[in-house]
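**Q** model the structure of this input:
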Amino acid sequence: MNTIKPSSDNQESWDFVIKPVKGWLNIDIKEIIRYKDLIMLFVKRDFVIFYKQTVIGPLWYIIQPLFNTLVFTLIFGKVAKIPTDGTPPFLFYLSGTILWGYFSSCMTQTGNTFLTNAQIFGKVYFPRITVPISIAITAVFQFIIQFMIFLCFFIFFLYVGSDIKPNVYVFLLPLIVFHMAVLSVGVGLIISALTTKYRDLNFAMNF
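**A** The predicted structure is shown next:
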């Protein structure tokens, strides 16, 4: 975050000097709200770029988790025969794939914030935190699409008689997703600051 303060240097003719605000919790919520239109513009930009660069567009949101789940079910369920405590293996690995995909997407894209938006940052001032926030919001839409697929399979396994029962902790899902968003963005911001100097982290981050 940045603030604009009057300059006290008599040798310079600057009207304002932009300086960083020090501290861990100095986040200007009012400023973020004031730039909410910019955040939604970034969200729209990310969707448009994703659709233009793919042939089947948003279908990748469905294909990717399903393919990963099939691989995990085959390797861990059929080959390694790791138990899932009565939960259907496909449903078990699908839930983990969707949740991890949300965290991974937020952290990876946030970690590339300064590299992918260098031209914008160098031209005009705006709260830099708006970019990671837009990344988390974009990933939420992806998560919602994949979660609907999970619900369809959950209902299917209930219909065929699988012994699965939701408990009261299911109501904590929004809080869990919010926690993952904050954690992934926080870790991604640390990595993004380091990648400006150490570009190797850009390649190592996927691991």
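
**Q** when you work out contacts or count neighbours from here on, use the C-alpha atoms and nothing else.
**A** Will do.

**Q** just the helices in the chain please.
**A** When assigned using DSSP state H, the helices of the chain occupy the ranges 29-34, 36-52, 60-72, 89-111, 113-116, 118-121, 130-159, 173-195, 200-204.

**Q** and the ones you listed, which is most packed in?
**A** Using mean count of other CA atoms under 10 Å, the stretch among the helices of the chain with the largest mean neighbour count is helix 89-111, at a mean of 21.

**Q** could the helices of the chain be laid out in CSV, adding distance to residue 18?
**A** Formatted as CSV, the entries for these read as follows, by distance: least, CA to CA, whole Å:
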stretch, distance to residue 18
helix 29-34, 15
helix 36-52, 20
helix 60-72, 41
helix 89-111, 23
helix 113-116, 18
helix 118-121, 14
helix 130-159, 18
helix 173-195, 18
helix 200-204, 28
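
**Q** can you tell me which of these has the worst average pLDDT?
**A** Between the helices of the chain, the lowest average pLDDT goes to helix 200-204, which shows a mean of 76.

**Q** what is it packed up against?
**A** Secondary-structure packing of helix 200-204 (3 or more CA pairs under 8 Å, 6 or more residues apart in numbering; DSSP states H and E): helix 173-195.

**Q** so what does the helix it packs on touch, helix or strand wise?
**A** With contacts taken as 3+ CA pairs under 8 Å, 6+ apart, helix 173-195 sits against helix 89-111, helix 113-116, helix 130-159, helix 200-204.

**Q** so who does residue 68 touch?
**A** Residue 68 makes contact with residue 97, according to CA atoms under 8 Å, 6 or more residues apart in numbering.

**Q** tell me how far it lies from residue 62.
**A** Counting by CA to CA, to the nearest Å, the gap from residue 68 to residue 62 is 10 Å.

**Q** for residue 77, same thing?
**A** Taking CA to CA as the measure, residue 77 and residue 62 are separated by 21 Å.

**Q** what does residue 75 give?
**A** Distance, residue 75 to residue 62, using CA to CA: 20 Å.

**Q** just residue 113 next, same as before
**A** Distance of residue 113 to residue 62, computed by CA to CA: 25 Å.
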